[in-house]
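Engineer: predicted model, plus sequence, below.
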Amino acid sequence: MDDIDRKLLTLLQVNADLPLSEIAKRVGISSTPCWNRIKKLEERGVIKYKVSLVDKEKVGYAVTVFLSISVSNHNSDWFAEFEKVVTRHNNILEVHRLTGSSADYLLKIIAKSIGEYDAFQQRLISEIQFTGMSSSISLKEVKNTKQIPV
């Protein structure tokens, strides 16, 4: 990856809707080589997909919860079932396996209300085998970016 690829990635992360001619102009190459570079970045999996980011609050999701889960059973069967459960629920936005923490997994969950989250958590309790669970409710989102520094 060279400086032109880095410039392309920086521009596309800010606004993937820019016209190809504008992107090419900003990185200093013509449109055809620009398009070819973007396609190669997509083929190599550097650009995974293009999406429109939605403001969660404007579509009714006012609550963000970070759910920490501790487990005692770390075998592949447990993980396969866990992966099915978390994949099935669209309001689970992120799942991370942790180290250096008392929890084994951290889930980022959105809900329309605390009551909706409580009902969802009760559903999860019946679907996941765990030894401990702790919820932290976000009071204010200070920073949320999808831009990776290249």
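Structural biologist: Cool, the structure landed.
Engineer: quick one: the helices in this structure?
Structural biologist: Along the chain, counting by DSSP state H, helices occupy 3-14, 20-27, 31-43, 76-88, 114-127.
Engineer: the domain parsing of this structure - what is it?
Structural biologist: 3-43, 57-137 (automatic domain parsing).
Engineer: export those to JSON lines and tack on mean pLDDT, mean neighbour count and distance to Val51?
Structural biologist: No exception for glycine: its C-beta is placed from N, CA and C like everyone else's. JSON lines is the format used below for those (pLDDT from 0 to 100; neighbours: other CB atoms under 10 Å; distance: least, CB to CB, whole Å):
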{"stretch": "domain 3-43", "mean pLDDT": "96", "mean neighbour count": "14", "distance to Val51": "8"}
{"stretch": "domain 57-137", "mean pLDDT": "96", "mean neighbour count": "14", "distance to Val51": "13"}
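Engineer: one step back: so for Tyr105, which of the helices of the chain sits nearest?
Structural biologist: The closest of the helices of the chain to Tyr105 is helix 76-88. By CB to CB, the value is 7.7 Å.
Engineer: quick one: that closest one to helix 114-127, angle?
Structural biologist: Interaxial angle, helix 76-88 versus helix 114-127 (axes from the mean of the first three to the mean of the last three CA atoms, to 10 degrees): 150 degrees.
Engineer: please verify my assumption that Tyr117 contacts Ala111.
Structural biologist: Yes: counting by CB atoms under 8 Å, Tyr117 touches Ala111, with 3.8 Å between them.
Engineer: what residues do the two have in common as contacts?
Structural biologist: 63, 65 (CB atoms under 8 Å, 6 or more residues apart in numbering).
Engineer: from Asn15, how far out is the nearest residue to Gln13 once chain neighbours are set aside?
Structural biologist: Distance criterion CB to CB, 6 or more residues apart in numbering; nearest residue to Gln13, sequence neighbours excluded, is Gln147 at 4.4 Å. Computed with CB to CB, to the nearest Å, the distance linking Gln147 and Asn15 is 11 Å.
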